[in-house]
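Enquirer: Next input, structure requested:
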Amino acid sequence: MSYSFLLNKNFVFKSSAAIREEVIAFVAVTATGVLIIHNLVYVLFIYILNHSISVVNIVEETVNYRISSDSIVINLATVAGAVVALIWNYNGYRLFVFKGRHDIELS
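Expert: Residues are numbered from 1 along each chain as shown. Here you go, the predicted structure:
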């Protein structure tokens, strides 16, 4: 988490604000993303996919191999949760942690 903070502070947002306030906000945004967002998406995704056998069939046909439907559902839910948490974290960092820098320079 400290490595992620330093990379975001120095390279993504190039912030020069006080570290203490940014660290507290960073931990809050990251913890929220891990505990709430990721788990909420995980539970909702498992509920939706367990009631939709067609997704399991599509994955099995794509890989041409019979896979446990639980394994497919858990892996797809994990990927969906990670994507939502990534979006949550980036926007949380941009809006609440590193407030002074909203534009990203692409070189």
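Enquirer: Contact partners for V59?
Expert: I67, I72, L76 (C-beta atoms under 8 Å, 6 or more residues apart in numbering). To be clear about C-beta, it is placed using only N, CA and C from the backbone, and glycine gets the same treatment.
Enquirer: After the strand or helix carrying S54, which helix or strand is next?
Expert: Take DSSP states H and E as the rule and S54 turns out to sit in helix 53-63. Following helix 53-63 in sequence order, the next helix or strand is helix 69-92 (DSSP H and E).
Enquirer: So which bits of that following helix are buried?
Expert: For helix 69-92, burial by neighbour count (16 or more other C-beta atoms under 10 Å) applies to S69, I72, V73, L76, A77, A80, G81, V84, A85, W88, N89, G92.
Enquirer: what is the rounded mean pLDDT of whichever strand or helix holds R20?
Expert: Using DSSP H and E, R20 sits in helix 19-32. For helix 19-32, the mean pLDDT works out to 92.
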